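Trainee: kindly return the folded structure for what I paste below:
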Amino acid sequence: MDRYLIKYLKDTADNALMEKYLDYFKVTLDQFIYDYGDHVYSTHQKIQFLKIFSGLKRSINVLFGSIKQYSDKQNVLSSVSSLANNNILFNLGFNPISSILEPVGNSQILGNSDIINLIKNKRKYLFNGTFNNIFNQFFFAKWEEIKTKIVKDYQNYDFRALFLNTDENFESKYLIEIFRILDRPSMIFSHGLPGIYSAEIDNRSDFLMVWGDKIKQNYINVGFNSDKIFVVGNPKYQSYTKERVLKNTIEHILVVPPASFLFHQHTFGEPILMDRSMGILYLYKVQKVLENLGITHARFRPHPSIAKEWIYGFLDQKFYKMDEDKLKDSCLKSTLIIGATSTVFLEALMFGVNYIVFEPKFRDGKNILRCDLVPPFDCSEANLEIATSEEELEYLIRNKYLVDIKILDEYMKPLDLSILKKIIKC
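Mentor: Numbering: from 1, shown residues only. Sure thing, here's the model as predicted:
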């Protein structure tokens, strides 16, 4: 039985253009269906007023600014903000330029008035339009028409490669196609510890850059070609000092609940409909365990997509306080972190604090969000205990369970981008 609208429309499209752009605009069209509610933080809402103003500033820069050219640097098109920090690419001999489709910062942005107008229309349709404004052959045809002009512009800059955060968004899929026409490689740089492994996600690019050896193997296990995956480390942390002794006491506990919000479907399979109250339920479960141990207070830090003020309105505010610090500062002030599947797991270990994974089991082995668990959170790691019930969580805390710090080395390496100079054509 057909249960996913976008898949049905794509499968029954009456021409190749509609089928192609239903695939390309999958995430955007999903936003009309799933991106709603007071629980969504402003940065993840489909209607973002700040993006309107920043988009205007960037458009002005595109039309009236200039792009720096260097005789000793190779131009690359990059939407990976973490690679823009500390001149990482520049020091490797690359000149990073971004597209107005996926801009980084407010300078070195390439585009033209035709693309800007289409971006404005897309934003307008999301702001106060309807599904059919984007699910529209005329709108799709406009993007197809300007593709030739974009290819010509990019040829003039002699781009050597494309760097992306993911291939799920329309803009990424569109740029990958353009770079295929240019016969230049595209590369995706993992931007977090994967919460899902699927051959449908981040598999369109020529190469996938991941943080650690275990992540590479996890992608191979779901069908990725091993030759396209390279372990390069985490661009956000070029190097790190691994603490040999983790803090593991109950004085300052931080709780990281699951992100009970999915503004789009990751694959074309069975849709996942998340109950947005699950993050709150998770916090109550942890509170009960902690109170059984005589602990009277803790801080909570939800995923950036969730409005923590919304969550706070449901909680026992004598017990929980909102964590307002930057992530590093939050980890450094914590003596123990209890949390669900999250990149914070690795960052906590890196900053020297123990992270006890609590993933309550739902029926059929799924977690509280009705999602499949993935390594290292699925009980598949021999050197990592996972609490799947309140009783197991209490047991691990009471017995001062400590994560084996070796798992950090398996999932994250110090940054090494030397491979780029080997696979990018000179």
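Trainee: please, where are all the helices along the stretch 151-300 of the chain?
Mentor: With DSSP state H, counting those that start in this stretch as the criterion, the stretch 151-300 of the chain has helices at 170-181, 213-221, 278-292.
Trainee: which strands and helices sit next to the last one?
Mentor: Contacting helix 278-292 under the criterion 3 or more C-beta pairs under 8 Å, 6 or more residues apart in numbering; DSSP states H and E are the following elements: strand 253-256, strand 298-300, helix 308-312, strand 355-358, helix 390-398. C-beta: built from backbone N, CA, C; applies to glycine.
Trainee: walk me through which strands the first one pairs with, and which way each runs.
Mentor: Which is strand 253-256. Taking DSSP bridges as the criterion, strand 253-256 forms sheet pairs with strand 298-300 (parallel), strand 336-339 (parallel).
Trainee: next, format those strands as CSV and append distance to D213.
Mentor: Shown next, in CSV, are the strands paired with strand 253-256 (distance: least, C-beta to C-beta, whole Å):
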stretch, distance to D213
strand 298-300, 32
strand 336-339, 23
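Trainee: between those strands, which one is closest to G195.
Mentor: With C-beta to C-beta as the measure, strand 336-339 is the member of the strands paired with strand 253-256 nearest G195 (12.7 Å).
Trainee: of the helices of the stretch 151-300 of the chain, give the one that comes closest to I146.
Mentor: When these are compared (using C-beta to C-beta), the closest one is helix 170-181, at 10.2 Å.
Trainee: let's have the helices of the stretch 151-300 of the chain in JSON lines, adding mean pLDDT and distance to H252.
Mentor: Listed next are the helices of the stretch 151-300 of the chain as JSON lines, based on pLDDT from 0 to 100; distance: least, C-beta to C-beta, whole Å:
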{"stretch": "helix 170-181", "mean pLDDT": "98", "distance to H252": "39"}
{"stretch": "helix 213-221", "mean pLDDT": "97", "distance to H252": "29"}
{"stretch": "helix 278-292", "mean pLDDT": "97", "distance to H252": "12"}
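Trainee: turn the ones you listed into CSV, columns for distance to F189 and mean neighbour count.
Mentor: Shown next, in CSV, are the helices of the stretch 151-300 of the chain (distance: least, C-beta to C-beta, whole Å; neighbours: other C-beta atoms under 10 Å):
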stretch, distance to F189, mean neighbour count
helix 170-181, 12, 19
helix 213-221, 12, 17
helix 278-292, 28, 20
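Trainee: can I get the ones you listed in a markdown table including distance to D329?
Mentor: Formatted as a markdown table, the helices of the stretch 151-300 of the chain follow (distance: least, C-beta to C-beta, whole Å):
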| stretch | distance to D329 |
| --- | --- |
| helix 170-181 | 32 |
| helix 213-221 | 26 |
| helix 278-292 | 21 |
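Trainee: for G192, find the nearest of these.
Mentor: It's helix 213-221; of the helices of the stretch 151-300 of the chain, that one is closest to G192 (C-beta to C-beta) at 10.5 Å.
Trainee: that closest one packs against which elements?
Mentor: Against helix 213-221 (3+ C-beta pairs under 8 Å, 6+ apart) you get strand 207-210, strand 229-231, helix 406-411.
Trainee: go again using 6 Å as the cut-off
Mentor: Helix 213-221 makes packing contacts with strand 229-231 when contacts are defined by 3 or more C-beta pairs under 6 Å, 6 or more residues apart in numbering; DSSP states H and E.
Trainee: state the mean pLDDT of the strand it packs on.
Mentor: For strand 229-231, mean pLDDT is 98.
Trainee: stretch 18-33 now?
Mentor: 96.
Trainee: next, the buried residues of it.
Mentor: 18, 20-22, 24-32 (16 or more other C-beta atoms under 10 Å).
Trainee: setting aside sequence neighbours, what's the nearest residue to L332?
Mentor: Setting aside the residues directly before and after it, L332 is nearest to F351 in space (C-beta to C-beta, 6 or more residues apart in numbering), at 5.7 Å.
Trainee: quick check: that neighbour touching C331?
Mentor: Yes - counting by C-beta atoms under 6 Å, F351 does reach C331; the two are 4.0 Å apart.
Trainee: the stretch 101-250 of the chain: strands as residue ranges?
Mentor: 109-110, 162-164, 186-189, 207-210, 229-231 (DSSP state E, counting those that start in this stretch).
Trainee: other SSEs contacting the third one?
Mentor: On a contact count with 3+ C-beta pairs under 6 Å, 6+ apart, strand 186-189 meets strand 162-164, strand 207-210.
Trainee: how much space between the nearest residue to G269 once chain neighbours are set aside and I407?
Mentor: Among residues not flanking G269 along the chain, Y4 sits closest, at 7.4 Å (C-beta to C-beta, 6+ apart). Using C-beta to C-beta, to the nearest Å, we find Y4 at a distance of 35 Å from I407.
Trainee: swap in Y401?
Mentor: Counting by C-beta to C-beta, the separation of Y401 from I407 is 13 Å.
Trainee: over to C331?
Mentor: 16 Å.
Trainee: then E19?
Mentor: Taken as C-beta to C-beta, the span from E19 to I407 is 43 Å.
Trainee: S71 now?
Mentor: For S71, the distance to I407 (C-beta to C-beta) stands at 45 Å.
Trainee: mind putting the strands paired with strand 253-256 into a markdown table with mean neighbour count and distance to S380?
Mentor: Listed next are the strands paired with strand 253-256 as a markdown table, based on neighbours: other C-beta atoms under 10 Å; distance: least, C-beta to C-beta, whole Å:
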| stretch | mean neighbour count | distance to S380 |
| --- | --- | --- |
| strand 298-300 | 22 | 27 |
| strand 336-339 | 25 | 18 |
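Trainee: fine by me, thanks again.
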